[in-house]
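Enquirer: Quick one, what's the 3D model for this:
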Amino acid sequence: MFTGRTSMGVRGINLDKDDRLISLSILRHVDASADERAAYLKRASAVRRGEEAEEVEASAVEAADEAQELAANDAIELGEQRYVELSEAEQFVLTVSENGMGKRTSSYNYRTTGRGGKGIVAMSLTKKTGRLIASFPVEESDQIMLVTDKGQLIRTQVNGIRLAGRSTQGVIVFDTADDERVVSVERLSEEGEENGG
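Expert: Numbering: from 1, shown residues only. Down below sits the predicted model:
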């Protein structure tokens, strides 16, 4: 949208006084209802863990609660074709904190909101995690490179980082010293392209 030379543009997100924007990424659009996303997350988690498809997974419950469209707690059943479609379109968002904690979360765990909203929790932040440093989409075959303020660097496979829900702390990706912080995270794709935060 062209807003003219003197215009301030439009507000994408409302930030609290102490918040700041750290990254921006484009995700593929997938036309799926909240019910379908919740049903997909439940089934995909069961498949990944080798469990029965009827077992409830925390991220599916989280998605259903947010949408408030599963009031009767009856998830819809996805047909095989729709499950395959959603599986092929699924992306994972890597989130990393300054103390080296990280996780991958299905993009289906993030509901679509209109501009100017407050956003939703990407990671449970505590003293253990520290502040959020980066959050961006990754592929299973990618690697990431993390750099600390003390000049330490680690390169690791994305597929070794645990899949977890949005409101979790994640796992240790980079074991930093007490006085050391991760300051940069970069995605290294299979083709050698780099991007990230």
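Enquirer: Okay, and Phe136 sits in which element?
Expert: For Phe136, the host element (DSSP states H and E) is strand 132-138.
Enquirer: mind listing what that strand pairs with, with the direction of each?
Expert: According to DSSP bridges, strand 132-138 has the following sheet partners: strand 92-97 (antiparallel).
Enquirer: who's in contact with the partner strand?
Expert: Outside of strand 92-97, the residues within contact range by Cβ atoms under 8 Å, 6 or more residues apart in numbering are 25, 27, 102-107, 110, 122-123, 125, 129-140, 144, 146, 158, 161, 163, 169-170, 173, 182, 185, 187. C-beta: built from backbone N, CA, C; applies to glycine.
Enquirer: could you point out which element follows that strand?
Expert: strand 101-106.
Enquirer: any chance you could map the helices in the chain?
Expert: Applying DSSP state H to the chain gives helices spanning 34-49, 58-67, 80-89.
Enquirer: mean pLDDT for the ones you listed: which is lowest?
Expert: Mean pLDDT per stretch puts helix 58-67 lowest among the helices of the chain, at a mean of 51.
Enquirer: how far away is the most centrally placed residue in the chain from Glu77?
Expert: For the chain, the residue lying nearest the average C-alpha position, counting by Cα atoms, centre = their mean, turns out to be Val93 (3.3 Å). The span separating Val93 from Glu77 equals 26 Å under the rule Cβ to Cβ, to the nearest Å.
Enquirer: Same check on Gly170?
Expert: In this view, Gly170 and Glu77 are 31 Å apart by Cβ to Cβ.
Enquirer: Show me the protein divided up by domain.
Expert: Each structural domain of the chain that the record assigns through automatic domain parsing is listed here as a residue range: 34-88, 91-196.
Enquirer: Lys17 is nearest to which of those?
Expert: Comparing the domains of the chain by their distance to Lys17 (Cβ to Cβ), the top pick is domain 91-196, with 13.0 Å.
Enquirer: per-residue confidence averaged over the closest one?
Expert: Here the mean pLDDT over domain 91-196 is 86, rounded to a whole number.
Enquirer: how far out from the middle of the chain is it?
Expert: Taking Cα atoms, centre = their mean, to the nearest Å, one finds domain 91-196 lying 8 Å from the centre of the chain it belongs to.
Enquirer: what's the nearest residue to Val96 once chain neighbours are set aside in contact with, if anything?
Expert: Distances taken as Cβ to Cβ, 6 or more residues apart in numbering place Gly102 nearest to Val96, at 4.2 Å, with adjacent residues excluded. Remark: with contacts taken as Cβ under 8 Å, 6+ apart, Gly102 is in contact with 94-96, 161, 170-171, 173-174.
Enquirer: what's the closest of the residues you listed to Lys150?
Expert: If you rank these by distance to Lys150 using Cβ to Cβ, Phe174 comes first, at 11.4 Å.
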